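>>> Here's a sequence, model it:
(2 chains)
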Amino acid sequence: MSDTTTSAPAPRPKKVQDRIDRLRAQYSTGGDRRRQRAEQLYSASQWQLMRAKFGKHKLAMVSLYLLILFYVVAILADFIAPYDPQERSRQHIFAPPSAIHFFAPDGGFVGPYVFDSRTRVNPKTFKYDLIVADNADMNPVVLFPKTDPYLLMGVIPMSVKLFGTTSRQPVFLLGADNLGRDLFSRIVHASRVSLFVGFGGVLISFVLGVALGGISGYVGGKVDVIIQRTIELVMSVPQIPLWMALAAAIPAEWTGIQTYFAITLVLSLVGWTGLARVVRGRILSMREEDYVMAARISSASSWSIITRHLIPGFTSYLIVHITIAIPFMILGETTLSFLGIGIRAPDVSWGSLLQQAQDVVVLSNYVWLLWPAAFVVAAVVLFNFIGDGLRDAADPYAK
Amino acid sequence: MSGQASDDNAILRVEQVSKQFVSRSGIGARNAPVIRAVDNVSLHINAGETLAVVGESGSGKSTLGRSIVRAIDPSQGAVQLKLDTGEWVDLARLSERQLRQLRRHFHMIFQDPYSSLDPRMTVFDIIAEPLIYNERVSRAEARRRVIEVLELVGLGERHLNHYPHAFSGGQRQRIGIARSLICKPRLIVCDEAVSALDVSVQAQILNLLKDLQQRFGLAFMFIAHDIAVVEFIAHRIAVMYVGRMVELGETRAIIDRPLHPYTEALLSSVPMTDPTRERSGKRLSGEIASPINPPSGCHFHPRCPYATERCKAEIPQWRELEPGRFVACHFAAELRLAGMIQSHTPHHELHK
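Alright, predicted model coming up:
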């Protein structure tokens, strides 16, 4: 044994030597790759770690993609909604969701189409019934039908929609309302108000919350006490009456946009308190961290400590909080509009669409009018799932 | 005043420093209890010397250390620091702005290697922080200096862009040490710098600190509760109890022959490597007294096996019993207290 190792090794057969070399190369590159990956992890910043951790949260990732889809739809509402939200059709009052057929009556495949149909009041029940003639025309449902020219997002001139029929017979994906307006188009247009009210509202309450919470936590003392008592006061006022009072103060002659911003403001004036508390709590706990003391005895000014240590320290928590706060804004807007003191006709939001569903008789006859509620629920649930994933990822250093 | 015989070489003189905390509970709360965390403490630290401050948790040693580096403001007393010019300045009296001119002369090493490094900053940013605020240096110069101290503490250039999460507790503590060294200070307050580490890692860090002290003539104020650690690194030991100093002297002298019953009790609590040997001295019983409502007279009297009526009534004088040997006990001269018998190699030597 020692003989072979100490003396010059006998030349190995070429095949064996090749194999050894190959294995050696393989192992050494494997090691390199492992080292590289370790190196990547070691120099991974907080955000990189967060992203990696969030990416592992399947539910949150799926929710994120779905929610992005929601927002894309909201932004491209003019293109995706087949009809104008105000477009009425007397023949289709309370038309149920259109039955989309794929096979011709004789059995051959012809692609999606809808029959000519209309609604008429049933003289016995006073309910609108769907009438389809025996030999009704077949209206194909196509992608990108030509329409009247319009401006997408107010700037891009377009004359096609995502889908629709080429004839006069409309396709009602989710049915029609009491004026024969397409509910799907209305929901898509309403999502612009309903989904973005959250952002606007959170933005304002974000500024208020971070500023007041930050001052409260960093300055402390009497200032802290005053701000905290104010927060308690705002929080203890019953929410709906407060919203109603504030919303009632909006002048009736304001335009839709003005009302929209006023509603956003109303929501955020109430909504900042939670955020202020989160910020204050984080600052209070981080002020006690040794690294803040280390910075102070390294001659760092208060400003440097705030900008270099405290703010980076709580941004991840802020993002989580915001993600969870947005659905509350959406619900708030829905509530206000549902009660008739939010978004007013002709503008639409999910809440104002639900106003029609207030009447039990209407609702029992035309169940599809509840569809907007499904969208509200979906949006809120998606936001919460994402918030859940973010919360898990927010502190990648948690032991 | 401490008035020690050997303080010509001193670079720091702490003179009758006290720190009180008022526990506030909202607006209008009157008669809030006052916590005397540090009560009239005097000591000095020589250049290149390690002074250990020991005591149980709650004895005020960390508060003292933080008052010295002005992480908190002492309520009374003076913290005199000797400048290069030989001039003395009272850190306790300086404004935050004036203090910034002097901060580079002293720094601190923290107990918790996890909370003391900002997890969102790279090693470079962490270590360069004192440099950036204290000295106007270019980025290239900062980089050079950071690599220099990183190598001093046994890390290297390859760690510059790593985040703290990539390091073990011992390595993190090395980063903390590098940060405290970057401005070439003369005094470093080590606040329980090794107590959060494994014993083997403790030994490495202690050896590193000792080595750095020899190379740069650093003075350490070494705050600890473990007398075994202190025995290895300290030249002199100061013992604190409920905010007051109870004993101060050369390490060997204190360990072999304590003069205060509290020191004796602390020494007897050190675990011994030889199970056949009799434990010397008295074990500590009971809890450390609360600094909100400390016992009358000598704070230690409720736990002291030698206490008399006099101890309850009268606060013992801080006196120099022998040259360089200070104690605050009425009976220091009469009591014969047991020290720690040196029969074993200090465990830190084993890991060298």
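
>>> Strands along the stretch 101-250 of chain B, start to end?
Using DSSP state E, counting those that start in this stretch, the strands assigned to the stretch 101-250 of chain B run over residues B:106-109, B:187-191, B:219-224, B:236-241, B:244-250.

>>> Any chance of JSON lines for these, columns distance to residue A:144 and mean pLDDT?
Just so you know, the C-beta spots here come from the backbone N, C-alpha and C atoms, and that holds for glycine as well. JSON lines is the format used below for the strands of the stretch 101-250 of chain B (distance: least, Cβ to Cβ, whole Å; pLDDT from 0 to 100):
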{"stretch": "strand B:106-109", "distance to residue A:144": "69", "mean pLDDT": "93"}
{"stretch": "strand B:187-191", "distance to residue A:144": "71", "mean pLDDT": "93"}
{"stretch": "strand B:219-224", "distance to residue A:144": "76", "mean pLDDT": "93"}
{"stretch": "strand B:236-241", "distance to residue A:144": "83", "mean pLDDT": "93"}
{"stretch": "strand B:244-250", "distance to residue A:144": "87", "mean pLDDT": "93"}
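
>>> for those strands, which one sits closest to chain A?
Chain A lies closest, by Cβ to the nearest Cβ, to one member of the strands of the stretch 101-250 of chain B: strand B:106-109, at 5.6 Å.

>>> From the rest of the structure, what touches that closest one?
Applying Cβ atoms under 8 Å, 6 or more residues apart in numbering or on different chains, the external contacts of strand B:106-109 come out as A:293-294, A:297-298, B:65-66, B:68-69, B:71, B:81, B:130, B:173, B:176-177, B:179-181, B:183, B:185-191, B:193.

>>> Which of those fall in helices?
Mapping these onto helices (DSSP state H) picks out A:293, A:294, B:65, B:66, B:68, B:130, B:173, B:176, B:177, B:179, B:180, B:181.

>>> which residues touch the second one?
When you say that, I think you mean residue A:294. Applying Cβ under 8 Å, 6+ apart, we find residue A:294 in contact with B:108, B:110, B:116, B:129, B:176, B:179.

>>> could you redo those as TSV and give each row neighbour count?
Output for these, formatted as TSV (neighbours: other Cβ atoms under 10 Å in any protein chain shown):
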residue	neighbour count
B:108	27
B:110	26
B:116	26
B:129	24
B:176	29
B:179	28
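
>>> how about the residues of the stretch 151-300 of chain A near chain B?
Selection of the stretch 151-300 of chain A residues close to chain B by Cβ under 8 Å from any Cβ of the partner chain yields A:222, A:225, A:289-291, A:293-300.

>>> May I see those arranged in a markdown table, with pLDDT as well?
Putting these into a markdown table (pLDDT from 0 to 100) gives the following:
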| residue | pLDDT |
| --- | --- |
| A:222 | 88 |
| A:225 | 91 |
| A:289 | 86 |
| A:290 | 89 |
| A:291 | 91 |
| A:293 | 90 |
| A:294 | 91 |
| A:295 | 92 |
| A:296 | 89 |
| A:297 | 89 |
| A:298 | 90 |
| A:299 | 88 |
| A:300 | 88 |
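
>>> I'd like to know which of those residues are buried.
Those of these that meet the buried threshold are A:289, A:290, A:291, A:293, A:294, A:295, A:296, A:297, A:298, A:299, A:300, by 16 or more other Cβ atoms under 10 Å in any protein chain shown.

>>> Nearest to residue A:19 among the residues of the stretch 151-300 of chain A next to chain B?
Lowest distance from residue A:19 to these (Cβ to Cβ) belongs to residue A:291, with 52.8 Å.

>>> Would you mind confirming that that closest one makes contact with residue B:117?
Yes. Counting by Cβ atoms under 8 Å, residue A:291 does reach residue B:117; the two are 5.8 Å apart.

>>> what sits in contact with each of these two?
Both residue A:291 and residue B:117 are in contact with residue B:126, where contact means Cβ under 8 Å, 6+ apart.

>>> Contacts for whichever strand or helix holds residue B:78, please.
In this assignment (DSSP states H and E), residue B:78 forms part of strand B:76-82. Outside strand B:76-82, the residues that touch it by Cβ under 8 Å, 6+ apart are B:10-18, B:40-42, B:67-68, B:70, B:88-93, B:102, B:105-106, B:187.
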